[in-house]
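Engineer: fold the stuff below for me.
(chains A and B)
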Amino acid sequence: MLFPLTVVVLVAAVCLMAVAAWYAARSRVGDDRLLLVAAVVELGLLVQLVVCLVHLGQVPGGGAEQATFAAYAITLPFVPPAALFLALKEKTRWAMGVVAVGAFAVAVMTARLQQIWNLRG
Amino acid sequence: MAENPPARPNPPTTPPTPASGQRSTRSGPGVVLVAVYGLLALAATGRSVLQISEYFSRAPLAYVLSALAALIYLVATVALARGDRTSRAVALVAISVELVGVLVVGLASYLDTDAFPDKTVWSHFGSGYGFVPLVLPVLGLLWLRRTRSS
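Structural biologist: Modelled structure (predicted):
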């Protein structure tokens, strides 16, 4: 049941990465469009956090797996704001590099989350 | 530390924001470096806390090294983000230790597999993290060199 949400978050994160890379290539800094995509990612991550915590008990493998699962879910919503915070003060194309790195991290961590979830029998 | 170019303009009272000749380690490409270091610090800390709290006895050596790696990433992230003169020295030490660490642990994890039954950030030269841990210290040192006061 986590899978559709994972797909939404992954697609949004890849979009954010693409927009950031495109802006970086054209030496632009962030604008409303970038913020909008980032907001969609953030919203997805917040919903994901709630869903993951509600179903935490279903994660198999005992304490260690559950702790990892919860840690990923809780950490994820902090990644986009942190990336944007770093990017905010940088007025060159490299600001978009930070956003792209953050979006990539969101994608990887979300995929890991799904992987742990899939361990259920 | 190294030889300074003649007539160094910075008086010792320069504020942390390097306005005179020295580029901040946080500006330009440096901000991406800070971001990647921050991510690795996060990943290494998380993994280390879990390893030590949940199954320390399985591979004490590897897990202690995990914790050390996490600490070094944290220090390097903060030092690069601050970028004043003291921070540059701290960053230089941290990143040098990091480079040695990833090389030694990377090699050891291939030679002595018994000591590394479980993955750490540095084992197998950071292959679990797309070899970023191997490339990052090199980039970090190059970046510190590039932003050295001119």
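Engineer: and for stretch A:6-22, what's in contact with it?
Structural biologist: Contacts to stretch A:6-22, defined as Cβ atoms under 8 Å, 6 or more residues apart in numbering or on different chains, come from residues A:33-34, A:37-38, A:40-41, A:44-45, A:48, A:80, A:96-97, A:99-100, A:103-104, A:106-107, A:110-111, A:113-114. Every C-beta, even on glycine, is put in place using the N, C-alpha and C of the backbone.
Engineer: B:R58 is in contact with B:D118, isn't it?
Structural biologist: Yes. Between B:R58 and B:D118 there is a contact at 6.3 Å, judged by Cβ atoms under 8 Å.
Engineer: and the residue nearest to A:V101 when sequence neighbours are not counted, what does it touch?
Structural biologist: Once flanking residues are discounted, A:V101 sits nearest to B:A35: 4.9 Å by Cβ to Cβ, 6 or more residues apart in numbering or on different chains. By Cβ under 8 Å, 6+ apart, the contact set of B:A35 is A:A83, A:L86, A:G97, A:V98, A:V101, A:G102.
Engineer: quick one: contacts for B:K119?
Structural biologist: B:G128.
Engineer: the bottom helix or strand of chain A by mean pLDDT?
Structural biologist: Using mean pLDDT, DSSP states H and E, helix A:62-75 stands out as the lowest-scoring helix or strand of chain A, at a mean of 88.
Engineer: from the contact counts, what lies against that helix?
Structural biologist: Contacts defined by 3 or more Cβ pairs under 8 Å, 6 or more residues apart in numbering or on different chains; DSSP states H and E place helix A:62-75 against helix A:32-54, helix A:94-117, helix B:29-55.
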